[in-house]
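[1] from the sequence below, what's the structure:
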Amino acid sequence: MNVTDVVGILGMILLVGSWIPQTVETVRHRRCPLNIEFIVAYVVAASLLTVYSYAKGDWIFFTLNFLAALQSSINMIVKVSESFRN
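    This is a model prediction of the structure:
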């Protein structure tokens with residue numbers, strides 16, 4: 001593992017880690033305060049970047065975007081379910 005990989009892994013941990021408190025709060029309260037347009041754009045962008053990084057063989061970028069897409073998808077599902085409850 002080289003310095004570039006370490007920098008990438010640290011960035012991935014920080015970025016994915018920043019979503020964890022929001023996702024936990026969303027699941028716990030079954031309410032997502034985020035704007036639906038933002039969430040949808042984020043899910044689509046992270047999903048596209050996941051495919052791109054897989055095709056390029058960049059496992060750090062792949063993991064980052066896969067986890068970001070997963071966490072933001074959870075927020076999106078809760079946000080959409082809120083609209084059906086109201």
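[2] list the buried residues in stretch 12-23.
    By 16 or more other Cβ atoms under 10 Å, the buried positions in stretch 12-23 come out as 12, 16, 19, 22, 23. For glycine as for every other residue, the C-beta is placed from the backbone atoms N, C-alpha and C.
[3] now do the residue nearest the centre of the chain, the pLDDT please.
    The residue lying closest to the centre of the chain (Cα atoms, centre = their mean) is residue 68, at 1.8 Å. As predicted, residue 68 sits at a pLDDT of 93.
[4] returning to what we had before: and the buried residues of stretch 12-23, which of them are in strands?
    Assigned to strands by DSSP state E, none of these qualify.
[5] how about the helices of the protein, start to end?
    For the chain, applying DSSP state H gives helices covering 3-29, 36-56, 59-85.
[6] the shortest one packs against which elements?
    Translated: helix 36-56. Packed against helix 36-56 by the contact rule (3 or more Cβ pairs under 8 Å, 6 or more residues apart in numbering; DSSP states H and E) you find helix 59-85.
[7] farthest-apart pair in the buried residues of stretch 12-23, please.
    Using Cβ to Cβ, the pair of the buried residues of stretch 12-23 lying farthest apart is 12 and 22, separated by 16.9 Å.
[8] quick one on the thing from earlier: deepest of the helices of the chain, which one?
    For the helices of the chain, the largest average neighbour count (mean count of other Cβ atoms under 10 Å) is found in helix 59-85, namely a mean of 17.
[9] how distant is that one from the center of its chain?
    Averaged C-alpha coordinates place helix 59-85 at 5 Å from its chain's average position (Cα atoms, centre = their mean, to the nearest Å).
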